[in-house]
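Q: next comes the sequence, and after it the predicted model I'd like to discuss.
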Amino acid sequence: MKKLIACLLSALLLSFMALPIFAAAANAAVTVESKTASAGKTVDLKLNLSGNPGIAYLRLTVEAAEQLTLTGVTNGSVIKDLDQGVNLVWSADNNSTANGTLATLTFSVAANASPGDYSVSVKIRECYNENLGDVSVSAVSGKITVEAATPEKILTGISVATLPTKTVYTVGEALNPAGLTLTASYSTGETETVTSGFTCAPTALTAVGTQTVTVTYQGKTATFAVTVQAAVEKTLTGIAVKTLPRKMTYTVGETLDPTGLVITASYNTGETEDLTTGFSCSPTQLSAVGPQTITVSYQRRTTTFVVTVAAAPEQVLTLPATYTMNYKDDPTLKPTGVEQGTKLRWRSSDESVVSVDGNGKLTTHKKGTATITCETEDGSQSAECKVTVNYTVLQIIIIYVLFGFIWYLK
């Protein structure tokens, strides 16, 4: 009984050990890729190897529909040595267990191939491992699907869809095709809007009247008409202010600054032109307080704009509140807030310290302070400045050392 159980266990163990080998062999397959192509074209299909249990030799035959011609075979990365003949043969010294692209097959599709599926298959002739043991490999067919031929798209004609923006010209002007669009019609029944790539003739409009313009696009033509008028002498009909000057507020007595002024000139042809120079403004001297109308003139045409003129601020006679100076200096005080040429009177509160002449020039006499007063001749305005006179260090040394302390007290 024990011997029987042992035999059964041994047989069961052997069967489990053998299972992976058979399963691997049964799963090995060479699969042909499927693709879509057009008649008359070439297409590459891959032979893919999967479930490889270890192969040292493989021989197979490629079979395809008569509309397909095998024109080339490129070795893949699974088994390196490939011999191309009636059969495809891979032979190696050792087993290869790699999976992936076995080879790439290049087919030429017949130009007269009808739309549909065309089978590509392989037959495994031989396959064994390095120990010369047969390896079972299944073959999975693929196909090339030939698409229905796309009809050739041929331009059959063009027509004007949108006229150019400008259709009225003066004789001698050049044609401006901006805005022109075409409708292109094709043999497939399709239409397309064309906005560029065409030419127009003539481009120089030299004859008065209705002018036919021919549009050419890819050998097809269409026409449209423009109106050509006799030349009209261009004359100025009026001007208007487009942009006001930057400065619009002044103080009475100032001069007008036209910087930034832009005027628009209009002509009998319907054209307009923006001008920044060539015109004149009047008046230029702003002498009256209040709104001031400025007249702009250009080629005997005029327009106006208004600026604001404010009164000049009242001037006030002013001197520095304080002024410090050194003994023996002789600066001149300069008042502000008075017009040039105004007569002034000057006086010092202590001329023993500092005196002043009729022009505001100061003369020092000793250390100390004094108030300098300046007033207009009519006495309507006056200003004061407190002047302080100091000795320099050198002057102090001279006073003490050379002249003595008694002189200094004087």
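A: Yes, it's here. Numbering: from 1, shown residues only.

Q: when you work out contacts or count neighbours from here on, use the C-alpha atoms and nothing else.
A: Noted.

Q: flag the shaky bits of the stretch 201-350 of the chain, pLDDT-wise.
A: Along the stretch 201-350 of the chain, the model assigns pLDDT under 70 to no residue.

Q: which stretches of it form helices?
A: Assigned helices in the stretch 201-350 of the chain: none (criterion: DSSP state H, counting those that start in this stretch).

Q: roughly how far does Lys343 sit from Thr188?
A: 102 Å (C-alpha to C-alpha, to the nearest Å).

Q: an error on my part: the question was meant for Gln67.
A: Distance from Gln67 to Thr188, counting by C-alpha to C-alpha: 28 Å.

Q: between the two, which has more neighbouring residues?
A: Gln67 (17 against 13; other C-alpha atoms under 10 Å).

Q: can I assume that one is in contact with Pro115?
A: No: between Gln67 and Pro115 there is no contact under C-alpha atoms under 8 Å: 11.0 Å.

Q: which residues in the stretch 151-300 of the chain form strands?
A: 155-162, 168-170, 181-186, 191-194, 199-201, 209-217, 220-229, 236-243, 249-251, 262-267, 272-275, 280-282, 290-298 (DSSP state E, counting those that start in this stretch).

Q: would you turn the ones you listed into a markdown table with distance to Ser34?
A: Output for the strands of the stretch 151-300 of the chain, formatted as a markdown table (distance: least, C-alpha to C-alpha, whole Å):
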| stretch | distance to Ser34 |
| --- | --- |
| strand 155-162 | 36 |
| strand 168-170 | 63 |
| strand 181-186 | 34 |
| strand 191-194 | 36 |
| strand 199-201 | 48 |
| strand 209-217 | 42 |
| strand 220-229 | 43 |
| strand 236-243 | 73 |
| strand 249-251 | 86 |
| strand 262-267 | 74 |
| strand 272-275 | 70 |
| strand 280-282 | 85 |
| strand 290-298 | 83 |
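
Q: and of the ones you listed, who's closest to Val140?
A: Each of the strands of the stretch 151-300 of the chain was scored for nearness to Val140 using C-alpha to C-alpha, and the closest is strand 181-186 (44.4 Å).

Q: mind listing what's buried in the lengthiest strand in the chain?
A: If you go by DSSP state E, the chain has its longest strand at strand 116-128. Counting neighbours by 16 or more other C-alpha atoms under 10 Å, one finds that the buried residues in strand 116-128 are 117-124, 127-128.

Q: for these, give me JSON lines that also has pLDDT and distance to Gly219.
A: Listed next are the buried residues of strand 116-128 as JSON lines, based on pLDDT from 0 to 100; distance: C-alpha to C-alpha, whole Å:
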{"residue": "Asp117", "pLDDT": "95", "distance to Gly219": "40"}
{"residue": "Tyr118", "pLDDT": "96", "distance to Gly219": "41"}
{"residue": "Ser119", "pLDDT": "95", "distance to Gly219": "44"}
{"residue": "Val120", "pLDDT": "96", "distance to Gly219": "45"}
{"residue": "Ser121", "pLDDT": "95", "distance to Gly219": "49"}
{"residue": "Val122", "pLDDT": "96", "distance to Gly219": "52"}
{"residue": "Lys123", "pLDDT": "96", "distance to Gly219": "55"}
{"residue": "Ile124", "pLDDT": "95", "distance to Gly219": "58"}
{"residue": "Cys127", "pLDDT": "95", "distance to Gly219": "63"}
{"residue": "Tyr128", "pLDDT": "95", "distance to Gly219": "66"}
